[in-house]
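J.: What follows is a predicted protein model with its sequence.
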Amino acid sequence: MTEPATHMAEQRTSARRIVMDAIRAADGLARVDIAERVGLSPASVTAITAEMLGAGLIEAVEGEAASHGENKPRRGRPRVALKVRGAACRVAGLKIARESISSMVVDFEGNELVSHEHRLVTPCLSPSELARVAAAVLDETCVAGGFGREDLAGVGIGLAGLIDARRGFVYWSPSLDQRNVEMGSLFNTLIQCPVFIDNDANLIAKAEQLFGLGRGVTNFVVLTVEHGVGMGIVIDNQIYRGIRGCGAEFGHTKVQLEGALCQCGQRGCLEAYVGDYALLREARVGTSFEDLPSMGQAAENGDAVARAVFERAGRMFALGLANVVNIFDPELVILAGQRASFDHLDARKAIDEMRAHVVQVDTTSTEVAVHQWGDLMWAKGAAAYAIDGVTALRINELAVHSD
């Protein structure tokens, strides 16, 4: 294919993806509205959506959805809107944590079909053992849903750690007893369908973008605080990962020279003062706290040690949050996690302190929202990433057959 022809093919593929993203974001949009939103001609949109309808990726609906965004009544035939066809395929998401693997299978729209929770005896495994356990959990989930692994179009997998998503390469993860592992190819070999692996915080950002508070927001940041501390960044509707896939490592920004030891092996990371393990490590000196809930209860009952640890962590988190806002100036920051309203860090107090450290200008400040959810939101984030990957594969298939 000549260079001009290649360029034209790339433009058509890009246009297809833009149209698909617009349809997914709106959940029902007429062709004329699609053209207006994405800046393509009505004829181009008609041609692209005809391909997608033929491939079964989208479907036509009539009624209120067809008049998305309109308040006034219309005369004549109802406008036909286009929406993602949920039955187009099934995808799965796995979130591998320290104590469990959460899994979920969704349809192409993102509707949950089945979910499953598998407890892990050992938090850190060899690459081959982790891949074997993950494949077994996927099979258990599929059986619970009444279908087989062969019925999946793709699988998203979320891990904590430093990961190059483009290569499926894990530089380091607390779930693995080795560094620098080609986990993507290992998962692909065992699961035998397209596998998309990424840092778990990036997958939460993808879930917020497709299904949550980030829907319709062009630039936003997601911060997670669990055992570790993570960040997902969306810039111009795209996940930002950096050149090596190691960008957005909020938890490993340095807050203290020669400071506390982080689980990554370095010292002075924010996570070493804010993560669950760090809070317990600091508080356990001369105390008998068994876990974070008991430590939180002690703080509520007036325990001076527990209160001091949480207050220090809250201040550290507020400074880190202020740095994120000062660097990226996002429209929205989402504090996302299982921990109810970041209770232990006193989210509202941290947000107020953050605002004192943010560059002040005479305009609307960055919105900070708290989004509570359970473990399965991580799995849904991984499934959302798989939806993204499968969508790209299907659109590439359209290009092969049409261009």
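T.: Ah, there it is. Because the structure is a prediction, the values reported are computed rather than measured. Numbering: from 1, shown residues only.
J.: contacts and neighbour counts: CA atoms only from here.
T.: Fine.
J.: Which parts of the stretch 101-250 of the chain are helices?
T.: All helices of the stretch 101-250 of the chain, identified by DSSP state H, counting those that start in this stretch, fall at 127-145, 183-191, 200-211.
J.: and the longest one with helix 183-191, angle?
T.: When you say that, I think you mean helix 127-145. If you take axes from the mean of the first three to the mean of the last three C-alpha atoms, to 10 degrees, helix 127-145 sits at 50 degrees to helix 183-191.
J.: For the helices of the stretch 101-250 of the chain, give me TSV that also has distance to A165, mean pLDDT and mean neighbour count.
T.: Listed next are these as TSV, based on distance: least, C-alpha to C-alpha, whole Å; pLDDT from 0 to 100; neighbours: other C-alpha atoms under 10 Å:
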stretch	distance to A165	mean pLDDT	mean neighbour count
helix 127-145	16	96	18
helix 183-191	9	93	19
helix 200-211	10	88	27
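J.: And the ones you listed: which comes nearest G54?
T.: helix 200-211 (24.0 Å; C-alpha to C-alpha).
J.: count of residues packed around I34?
T.: 25 (other C-alpha atoms under 10 Å).
J.: List the contacts of it.
T.: V19, A22, I23, V45 (C-alpha atoms under 8 Å, 6 or more residues apart in numbering).
J.: Sitting in helices, which of those residues do you find?
T.: V19, A22, I23, V45 (DSSP state H).
J.: How about the last one: what's its closest non-neighbour residue?
T.: Closest residue in space to V45, ignoring its immediate chain neighbours: A35 at 6.1 Å, by C-alpha to C-alpha, 6 or more residues apart in numbering.
J.: okay if I get the helices of the stretch 101-250 of the chain as TSV plus distance to L345?
T.: Putting the helices of the stretch 101-250 of the chain into TSV (distance: least, C-alpha to C-alpha, whole Å) gives the following:
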stretch	distance to L345
helix 127-145	32
helix 183-191	34
helix 200-211	19
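J.: nearest to L176, of the ones you listed?
T.: Closest to L176 of those is helix 127-145 (C-alpha to C-alpha; 6.2 Å).
J.: is it true that V368 lies in a strand?
T.: Yes - assigned with DSSP: H, G, I helix; E, B strand; the rest coil, V368 falls within a strand.
J.: hang on, it packs against A350?
T.: No - judged on C-alpha atoms under 8 Å, V368 makes no contact with A350 at a distance of 10.7 Å.
J.: returning to what we had before: tabulate the contacts of I34 in CSV, adding columns for neighbour count and pLDDT.
T.: Below are the contacts of I34 laid out as CSV (neighbours: other C-alpha atoms under 10 Å; pLDDT from 0 to 100):
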residue, neighbour count, pLDDT
V19, 23, 95
A22, 20, 92
I23, 22, 94
V45, 22, 96
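J.: between those, which is nearest V361?
T.: Nearest to V361 among these: A22, at 32.9 Å, using C-alpha to C-alpha.
J.: Run through the residues that contact the closest one.
T.: Contacts for A22 (C-alpha under 8 Å, 6+ apart) come out as I34, R37, V38.
J.: Sort out for me which of those residues are in helices.
T.: Per DSSP H, the subset of the contacts of A22 in helices is I34, R37, V38.
J.: Can you list the helices and strands that the longest helix along the chain packs against?
T.: As assigned by DSSP H, the longest helix anywhere in the chain is helix 376-402. If you count contacts as 3 or more C-alpha pairs under 8 Å, 6 or more residues apart in numbering; DSSP states H and E, helix 376-402 packs onto helix 3-26, helix 42-55, strand 90-96, strand 100-107, strand 152-159, strand 195-199, helix 200-211.
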